[in-house]
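Undergrad: coords please:
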Amino acid sequence: MQAQQFPDLEFRKLNELVHAYCSKNPQVRDFFEVNPDLTEMASVALRRNMTFTHYEVLTSVLREQYQRNSAIEAVDENLAAFSAGNAITVTTGHQLCLLGGPAYFFFKILSTIKLAQNLQALISEKKIVPVFWLASEDHDKEEINHTYVNGNRLEWNTSQNGAVGRFALDGFENVLLQWVDSVEDDNLRNSFRAIWNRAAQFGTWAELTKSWVHECFGEWGLVVINPDDARLKQLFAPVMKRELLQGVAFQCVSKSNERLTQLGYHVQVNPREINLFYLSHQSRVRIESGEHSWHTTDKLHNWNQTQVLEELEKHPENFSPNVLLRPLYQETILPNVAYVGGPGELAYWLQLKGLFAEHEVPMPALVLRDSALLISPTISKRLSKLGLNHRDLLRHKQELVETLVGQKPDFTSDKDELFRVFEQLADRIAQVDPTLRASAMAEANRALAGIDQLQAKMWKAVKLKEEQKLSSIDKVWGELYPSNNWQERSLNILKEAMANDKELMRLLLLEFQPPASTLVIVES
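TA: You can find the predicted model right below:
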């Protein structure tokens, strides 16, 4: 495998706010706390601390969640750092996508691992631990129940609803067998069978996801945490109480949104008056407030103030933060110094500085994940025949077409000149008979339409002449930018990631250089 790095900001289309953040535009400096700079993050890591009680609870939960997973030395060392109260985390999170879902699932985790390694090189006093946060309470199963393998959609159909991490694995085995059978290499197929056999012993979707992610990334010390836990929610209960009684997030985020809008930026998420869901069997439903009362939007649960606070105290696990409160939950229970995310995630994190300040919770550095384009041997051969290099793949397709086959014919100047001739001719004719001017201009329009037809025929002839080149470009683009989108947003790379002793992941860990977001083109 060969790889080449490119500065990500030059090529990836980012929303204006995230681009301003990553390019260090002083206009957005008030919307984050820590610069995404290794030296500054290292300094913050040395000062970051949590109470002994927090470390104790976190350690207890992690030890229990790892009780049935296979032991991996690097993970055990990091769990011991939590026990010693010496762990500082670098975190990313994602939905529980089927088989990892799109490729950026893997890129986020690898960026997080590499950032932890880069920070650890600057710090000896603390143990920098990469953490993967399972979005186990998310309820949008349509976003996570499928993936694409060899261009085909693989889907797990289940009638279950509510928090996806709590889903039982009914019917998943058939999907899994279908995927495993698609692995051509015998050794890799047997390896996956063993991994999935161990994962399938667990009872829920969250546990299964944690199991295979642990086996995939555990050698680099990645710690996976399932936040759907009553003990962790208890640590977050004071924040949820204020949210229920005062609607703190609505007030703080609305102020940030107003300032961002005034600066001309689009806001990613708008807050609700209460930013909590209620979790119950097969259900995750928004909580709304009335006058001295609270209820779920399906009207199945109603509380007065005494009742809602009593339930929060006794069963904090029944309350689930939404997209705006989830970062605050994460930072409340983890000794975190940086969050690694995609452009959309960083956009809404940049709305939250005021919310973090209101609850006196440290806001982490925000780091844009790295990206990669994977070029198959077939595409590599096409590129060689076309005389294209890796940088060419980052140009607009039409620009590349024009470079290879010439620009599309443009007769605009010729049409303008012809129109002027017809106007002059029409003026001369009108001097003899004004009624003939319209006929003259009608002839002009027919002539111009004829030129349009000639232009189209000429371009068709060019394309026919260069048909082989255009076909090759289409096939290259179809693999690298399916449906005119980045490959990483649809391609599942679990097989590629685990093949040849994880060769691809080892290469990406060498090439990724967070916090400097990098685009890596890998040619196999």
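Undergrad: any low-confidence regions in the stretch 351-500 of the chain?
TA: Flagging of the stretch 351-500 of the chain using pLDDT under 70 yields the residue ranges 406-408, 459, 461-466.
Undergrad: now the strands for it?
TA: Taking DSSP state E, counting those that start in this stretch, the strands of the stretch 351-500 of the chain run over residues 365-368, 371-375.
Undergrad: reformat those strands as CSV; add distance to residue 21.
TA: Where C-beta positions appear, they are placed from N, C-alpha and C, glycine not excepted. Rendered in CSV, the data for these read as follows (distance: least, CB to CB, whole Å):
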stretch, distance to residue 21
strand 365-368, 7
strand 371-375, 17
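Undergrad: pick the most buried one from those strands.
TA: Highest mean neighbour count among those (mean count of other CB atoms under 10 Å): strand 365-368, with a mean of 25.
Undergrad: which other helices and strands contact it?
TA: Using 3 or more CB pairs under 8 Å, 6 or more residues apart in numbering; DSSP states H and E as the contact test, the elements touching strand 365-368 are helix 16-22, helix 38-47, strand 336-341, helix 343-349.
Undergrad: those into TSV, with extra columns for distance to residue 226?
TA: Conversion of the helices and strands packed on strand 365-368 to TSV gives the following (distance: least, CB to CB, whole Å):
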stretch	distance to residue 226
helix 16-22	28
helix 38-47	24
strand 336-341	16
helix 343-349	19
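Undergrad: most neighbours per residue, which of those?
TA: Comparing these by mean neighbour count (mean count of other CB under 10 Å), strand 336-341 comes out on top with a mean of 27.
Undergrad: can you list contacts of that one?
TA: Contacts of strand 336-341 with the rest of the structure, by CB atoms under 8 Å, 6 or more residues apart in numbering, involve 34, 36, 41, 44-45, 48, 88-93, 108, 111-112, 115, 119, 128, 131, 327, 330, 345, 349, 362, 364-369, 514-515.
Undergrad: let me see the mean pLDDT of it.
TA: Across strand 336-341, pLDDT averages out at 98.
Undergrad: quick one: the helices in the stretch 251-400 of the chain, in order.
TA: Using DSSP state H, counting those that start in this stretch, the helices found in the stretch 251-400 of the chain span residues 305-314, 326-333, 343-349, 353-358, 377-386, 397-405.
Undergrad: so which elements touch the fourth one?
TA: Read it as helix 353-358. Where contact means 3+ CB pairs under 8 Å, 6+ apart, helix 353-358 is packed against helix 248-262, helix 326-333.
Undergrad: could you do the fifth one as well?
TA: Counting contacts by 3+ CB pairs under 8 Å, 6+ apart, the secondary-structure elements packed against helix 377-386 are helix 467-480.
Undergrad: let's go with 10 Å and repeat that
TA: For helix 377-386, the contact count by 3 or more CB pairs under 10 Å, 6 or more residues apart in numbering; DSSP states H and E identifies strand 371-375, helix 397-405, helix 467-480, strand 518-523 as packing neighbours.
Undergrad: before we move on, the earlier item: so which of the helices and strands packed on helix 353-358 is the most packed in?
TA: For the helices and strands packed on helix 353-358, the stretch with the most neighbours on average is helix 326-333, a mean of 22; neighbours defined as mean count of other CB under 10 Å.
Undergrad: that one versus strand 336-341: what angle between them?
TA: Our comparison of helix 326-333 with strand 336-341, counting by axes from the mean of the first three to the mean of the last three CA atoms, to 10 degrees, yields an angle of 150 degrees.
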